[in-house]
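Undergrad: Take this sequence and fold it.
(2 chains)
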Protein chains: 2
Amino acid sequence: MSLTKSILEGNRLALARLLTQVENDLTEGHSSLAELFPYTGKAHLIGVTGAPGTGKSSLVNQLALQYRKTTNKKVAIIAVDPSSPFTGGAVLGDRVRMRDLSGDEGVFIRSMASRGSLGGVAQKTASIVQVFDAAGYEIIIIETVGAGQSEVDVARLAHTTVVVEAPGLGDEIQAIKAGILEIADVLVINKADRPGVENTERALRSTLKLGHPVKRVFRHHGKTMAVDAPTTDPHFWIPPIVKTVATEGKGLNELVEAIAKHAAHLDQSGDRVARDRARLQSEMEILLQGALMNRFLEHIPQEQYGELLEKVFSRNISPSEAVKFLLNGNPK
Amino acid sequence: MSLTKSILEGNRLALARLLTQVENDLTEGHSSLAELFPYTGKAHLIGVTGAPGTGKSSLVNQLALQYRKTTNKKVAIIAVDPSSPFTGGAVLGDRVRMRDLSGDEGVFIRSMASRGSLGGVAQKTASIVQVFDAAGYEIIIIETVGAGQSEVDVARLAHTTVVVEAPGLGDEIQAIKAGILEIADVLVINKADRPGVENTERALRSTLKLGHPVKRVFRHHGKTMAVDAPTTDPHFWIPPIVKTVATEGKGLNELVEAIAKHAAHLDQSGDRVARDRARLQSEMEILLQGALMNRFLEHIPQEQYGELLEKVFSRNISPSEAVKFLLNGNPK
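TA: Below is the predicted model of the structure:
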């Protein structure tokens, strides 16, 4: 039986094998991905991000448990650690997770440490999401570490982006300055039994007010932009704030509800279709860019390319002049 | 007088104008960049990164002040906020900075909020670094927010990467899990007058020991890899830990010394040349990739491209099949 057929029938070993092929960018993975593609598009993708120390991993575990308790949907967790060339952190996270979620055939956890180049993480995550989607995982949670560009890129993959904060993580302005608030569809204050939760909530609310309704971040065709958004705009969505204590399982029901409301909003506003299209277009264009580059480099003699690089290294010509030369063949 | 000539003569207004052109990717900026390129390669680039709440911005200010007090080198600060589509945070940071560094003609501060696509931030930062380098800024400090892929990319630009930690930012394992330790050339524990500094230092030291000497992250031709590294290897560098209280100006002298030692190490090991070459090659290849994509899209009828995208959206063909079709024209 083919790998893709086994995956479509729910074989976990086959699924794991394809995930490894995709993560290592093996050729056999590419054809399986293409075969599975028509079966995708059913899952709801939830991105979860936030600074270290917010208890994000515990929250993701509990969220998965909550979905398993209250629905019969299969849940996949993809833990992305884009800053780590090693798997150490991810492995640690997995061990904690095993305890909570082991033995449940309806849950699949996959950690991805990234070794790739620019854009590689988002691209591989997109492929892994497609595999889970085709395999019938209707809830896919993508957890990222940190607050950088890759979080924004992964957020673009997700239908609903959950940003996790916690009380007492240094000064409130700093937390907001990190800028990830702007990609939030749902805000969570985890560790809400800790002192300072009122300050955190106040800071979040005032930032949200600053952003509404005069300027609202709006995702359109995969681009984040600020637009004037009156409250009657069906695209308009004010991120709700949900308080949780993940380690005690508190507030998870409210979080699942907030995500469901956002999912309904996406359907009603047409944003789901727009986001899905933007995502697929960007995925295709990243692949196209890579393929064009490979094809181009194949047709250039290694020696000529090396000589040109030497001229750049010795600062005889600038990188952009070198590119012009490669494309037009104008000598300098 | 030409813009580049004014910049080479130290005109700040001309410098500011070119920086704006480069940040907005205007065509006139490209030729100035190419003209300035032969004058680059003299600056020492210091990347400073760390989680929100570590007091990174204050540390960068004080580091700049320290260089101004103890050397006659001009200092540029580039504050990169890759996660924010707005300039809000950056502007706030600037105001605090103005107070400390205003009136000093030997300091130039530039904030970059990023609106770009994948790789855009690192690329623009590289260009801005070149402008400052040509303009005679011998110390260029690149400050980034967060702990994601863009920090790793920006670290690749820098000669010396300083990672800032602070006591009491949640659980130590979490901080280390964030993974940015692995890109550190110098570690700073800022806010070292706070309780918990011993725990933070112990956690950092034990992580460093775990990493040495069996496995050591090694940057080679722009790629991060783990290698077996005996201590006699001239490439071997154990990141020193420096304790600072930036708000009181404490520990800055030690930090400047640690950076100087690392700079000397780069020269002796040949790593400086290797890093510079890797940086220029990656810069050229990113430009090449973008140019190839633009050229390709120009030659494809808009309608045909749109039809193909529709087939992907309706999940008739996968993104990678669409790319194959675009490149080879094989119908499906």
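
Undergrad: The closest residue to residue A:196 other than its chain neighbours is in what secondary structure piece?
TA: Residue nearest to residue A:196 in three dimensions, not counting chain neighbours: residue A:167, with 3.7 Å by C-beta to C-beta, 6 or more residues apart in numbering or on different chains. All C-beta atoms are positioned from the backbone trio N, CA, C, and that covers glycine. Secondary structure from DSSP states H and E places residue A:167 outside every helix and strand.

Undergrad: Local confidence estimate at residue A:167?
TA: Residue A:167 is assigned a pLDDT of 87 by the prediction.

Undergrad: Quick check: the gap between it and residue A:245.
TA: 11 Å (C-beta to C-beta, to the nearest Å).

Undergrad: Residue A:57 too?
TA: For residue A:57, the distance to residue A:245 equals 14 Å [C-beta to C-beta].

Undergrad: And for residue A:137?
TA: Taking C-beta to C-beta, one finds residue A:137 at 27 Å from residue A:245.

Undergrad: and the closest residue to residue A:101 other than its chain neighbours, how many neighbours?
TA: Nearest in space to residue A:101, with sequence neighbours left out and distances taken as C-beta to C-beta, 6+ apart, is residue A:107 at 4.9 Å. Close neighbours of residue A:107, defined as other C-beta atoms under 10 Å in any protein chain shown, add up to 21.

Undergrad: Does residue A:107 have any beta-bridge partners, and if so which?
TA: Residue A:107 has these beta-bridge partners by DSSP bridges: residue A:75.

Undergrad: Correct me if wrong: it contacts residue A:74.
TA: Yes: using C-beta atoms under 8 Å, residue A:107 makes contact with residue A:74 at a distance of 7.4 Å.

Undergrad: Please list the residues of the stretch 201-332 of chain A that sit near chain B.
TA: Contact residues, the stretch 201-332 of chain A versus chain B (C-beta under 8 Å from any C-beta of the partner chain): A:217, A:224-226, A:276-277, A:280-281, A:283-293, A:295-296, A:309, A:312-313, A:315-323, A:326-327.

Undergrad: re the thing from before, what about residue A:57 and residue A:245, which has more around it?
TA: residue A:57 (24 against 19).

Undergrad: So the more buried one is in contact with residue A:143, correct?
TA: Yes: counting by C-beta under 8 Å, residue A:143 is a contact partner of residue A:57 at 6.8 Å.

Undergrad: which residues do the two both contact?
TA: residue A:79 (C-beta atoms under 8 Å, 6 or more residues apart in numbering or on different chains).

Undergrad: any chance you could read off phi and psi for residue A:158?
TA: Main-chain torsions, residue A:158, degrees, to the nearest 10: phi -80, psi 150.

Undergrad: Now do the same for it: its pLDDT.
TA: Per-residue pLDDT puts residue A:158 at 90.

Undergrad: likewise residue A:11?
TA: 94.

Undergrad: and the gap between it and residue A:258?
TA: 34 Å.

Undergrad: where exactly do the strands run in chain A?
TA: Taking DSSP state E to define them, one finds strands in chain A at A:44-50, A:74-81, A:107-113, A:137-144, A:160-165, A:186-189, A:216-220, A:223-227, A:241-243.

Undergrad: hey, least reliable of those by pLDDT?
TA: Across the strands of chain A, the lowest-scoring stretch is strand A:216-220, with a mean of 44.

Undergrad: show me the contacts for residue A:284.
TA: The contact partners of residue A:284, taken as C-beta under 8 Å, 6+ apart, are B:309, B:312, B:319, B:322, B:323.

Undergrad: Which of those fall within helices?
TA: Counting by DSSP state H, the part of those found in helices is B:309, B:312, B:319, B:322, B:323.

Undergrad: coming back round to it: which among the strands of chain A is found nearest to residue A:30?
TA: Residue A:30 sits nearest to strand A:107-113 of all these, at 17.7 Å, using C-beta to C-beta.

Undergrad: could you give the angle of that closest one to strand A:137-144?
TA: 30 degrees (axes from the mean of the first three to the mean of the last three C-alpha atoms, to 10 degrees).

Undergrad: And strand A:107-113, how far out from the chain middle?
TA: 13 Å (C-alpha atoms, centre = their mean, to the nearest Å).

Undergrad: Also compute the angle for it relative to strand A:74-81, please.
TA: Using the same axes, to 10 degrees: strand A:107-113 against strand A:74-81 is 10 degrees.

Undergrad: now for strand A:107-113, which elements pack on it?
TA: helix A:12-23, strand A:74-81, helix A:88-101, helix A:120-134 (3 or more C-beta pairs under 8 Å, 6 or more residues apart in numbering or on different chains; DSSP states H and E).

Undergrad: Buried by neighbour count: which residues of stretch A:286-294 qualify?
TA: Neighbour-count burial for stretch A:286-294 flags A:286, A:287, A:288, A:289, A:290, A:291, A:292, A:293 (criterion: 16 or more other C-beta atoms under 10 Å in any protein chain shown).

Undergrad: Identify all contacting residues around that stretch.
TA: A:119, A:122-123, B:118, B:285, B:288-290, B:292-293, B:296, B:319-320, B:323, B:326-327.
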